[in-house]
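In: task: produce atomic coordinates for the following.
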Amino acid sequence: MSDTAGPRRPAPPAPGTGTVPPVRSELWAPSRRATTVGILLLISLTAFESMGVGTAMPAVVADLGGVALYAWPFVIFMAAAVFGTALGGRWCDVRGPRIALVAAPALFGVGLVVAGTAEGMGQLLLGRLLQGLGAGVQGVAVYVLIAAVYPQRARPAVFGAVSSAWVVPSLVGPPLAGLVTDRLSWHWVFLGLVPVVFVAVTLVLPAVRDLGPPDPESTPARGGAGLVLAALGAAAGVSGLSWALGRLGVPGAVVGVLAVALLVPSLRRLLPAGVFRARPGIAAVVVARGLVAGAFFTVGSFLPLVLTATHGWSLAAAGLPLIVASLGWSGAAAWQGRHPERSRSSMLRAGFLLIAAGIVGLVVVATGLGYGWLALVFWGLSGIGMGLAFSAIAYLTLAHSQTADVGAHSSSAQLLDQLSTAGFIGLGGALLALLVTPAVAMPVLLVVLVLLALTGAATAGRTAVPG
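Out: You can find the predicted model right below:
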């Protein structure tokens, strides 16, 4: 099988036509319509939270802490999502995605309430932890649901629709979060999403009602307790490493060594063999997910800080590059969905190169030598690259998976995504603590992320599905 999006077996012709039905009609067929709507609602909920919280975070840390604590709400979220992802992968392999697709958004909603009512950094971090757990479980469950419901030739269109679900949140989320923070309070950036959670859970119930557990004979025999312990080790390890990076001296060094000692065996247990060598196949796909997430999402977390601290932009204006990037992401993802015949590994390489080019341009913006409005152009370019790369990785993950491996492989890809993002956001926080001024710290971080994206481009060919 090649790494294009052709089906494993020919799809039946449409009645009376003798031709294969259009791919997009398969998304909205009566038997799949409710599932498609449910998936898009869940993705939109996550998108609103991501875009809004990222925009409001400078005000949050100014109220509850200081710039040295800027990275921690992101790191705690991602560390919790690591555990949630491992739990979700095992849960879906054994029980199917039905319960997970209802329980995870509910937990996410509880986290919104806890964070939205926070009066101190501790309560905010607890809320972010609950949000991360819910997001981690939900992310894997959505992948398992896609693999169970949609034929292979329709999956590029599914992932295109998933990316398009970011459009409205991207347009409304950042400026609305900035305005709400400026006029009311950052608390409402969290609390305002709670009703959306209730709507999403209510509407997704019909989509998951008929889903049952997988065939017991196809359920992989993986030790649940071992996976959960490894996930806890990975979450604790990435949190400890982030803490250690921000503290020079003996305490930081000791915690850093212990964190690495937790991370290495945990990752060996959680990730497919050959990941650290980017071995061709699913291992290379998982590596690509980690590289693209580390490069793109880390920049997105710090870009509002760059524009507010270095260029004096308002919070509402600082969210504009995030809008442009998300529109580029959605447009590129929709385009790839209309071209299922194209090589996904080649598309992945092109995406990485566009992300790298955009980050190179942002280095000049971050130093203050370039105009702030250039961030709209450069981050928009990276958004187009992300639309190509992320959709290609999503397809390749399923293309390299047998039915019994979908949960485990999707979990592995998402785990490395989260660990990479948390690790590099932690590095950014450490650079801020060490170098103090964003105009000095952020260019250093961006150079590291350019190298990350270029590594992804160099290894993209290893993700191809053998013919």
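In: contacting residues for the nearest residue to residue 111 once chain neighbours are set aside?
Out: Nearest-residue entry for residue 111: residue 130, 3.1 Å, with adjacent residues in sequence omitted and distances by Cβ to Cβ, 6 or more residues apart in numbering. Backbone N, C-alpha and C define where each C-beta goes, glycine included. Residue 130 makes contacts with 80, 107-108, 110-111, 114, as judged by Cβ atoms under 8 Å, 6 or more residues apart in numbering.
In: now swap in residue 371 and tell me
Out: Per Cβ under 8 Å, 6+ apart, neighbours of residue 371: residue 365.
In: so residue 43 sits right up against residue 159, yeah?
Out: No: Residue 43 sits out of contact with residue 159 when judged by Cβ atoms under 8 Å, with a separation of 10.4 Å.
In: between those two, who's got more neighbours?
Out: residue 159 (25 against 21; other Cβ atoms under 10 Å).
In: just checking, what packs against the strand or helix carrying that one?
Out: Per DSSP states H and E: residue 159 is located in helix 155-164. Here helix 155-164 touches helix 23-27, helix 33-64, helix 121-149, helix 320-337, helix 374-399, going by 3 or more Cβ pairs under 8 Å, 6 or more residues apart in numbering; DSSP states H and E.
In: and of these, who's closest to residue 434?
Out: Among the helices and strands packed on helix 155-164, helix 33-64 comes nearest to residue 434, with 17.1 Å by Cβ to Cβ.
In: average model confidence for that closest one?
Out: In this model, helix 33-64 has an average pLDDT of 78.
In: can you list the buried residues in it?
Out: 34-61, 63-64 (16 or more other Cβ atoms under 10 Å).
In: which elements pack onto the helix or strand just after it?
Out: Sequence order places helix 72-95 as the next helix or strand after helix 33-64, per DSSP H and E. Judged by 3+ Cβ pairs under 8 Å, 6+ apart, the packing partners of helix 72-95 are helix 33-64, helix 100-116, helix 121-149, helix 224-245, helix 406-435.
In: how about helix 72-95 as CSV, C-alpha atoms only?
Out: What follows is helix 72-95, C-alpha atoms only, in CSV (Å, rounded to 0.1, in the frame of the first residue of the first chain):
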residue,chain,number,x,y,z
TRP,A,72,3.5,26.6,34.3
PRO,A,73,-0.2,26.7,33.3
PHE,A,74,0.7,25.3,29.9
VAL,A,75,3.2,22.7,31.3
ILE,A,76,0.7,21.4,33.9
PHE,A,77,-2.0,21.1,31.3
MET,A,78,0.3,19.1,29.0
ALA,A,79,1.7,16.9,31.7
ALA,A,80,-1.8,16.0,32.8
ALA,A,81,-2.8,15.4,29.2
VAL,A,82,0.1,12.8,29.0
PHE,A,83,-1.5,10.7,31.7
GLY,A,84,-5.0,11.2,30.2
THR,A,85,-3.7,10.1,26.8
ALA,A,86,-2.2,6.9,28.1
LEU,A,87,-5.3,6.2,30.1
GLY,A,88,-7.5,7.0,27.1
GLY,A,89,-5.6,4.7,24.8
ARG,A,90,-5.9,1.7,27.1
TRP,A,91,-9.5,2.5,27.9
CYS,A,92,-10.5,2.7,24.3
ASP,A,93,-8.6,-0.5,23.4
VAL,A,94,-10.5,-2.4,26.0
ARG,A,95,-13.9,-0.7,26.3
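In: OK, contacts around residue 388?
Out: 332-333, 336, 347-348, 350-351, 354.
In: what subset of these is buried?
Out: The neighbour count (16+ other Cβ under 10 Å) marks 332-333, 336, 347-348, 350-351, 354 as buried among the contacts of residue 388.
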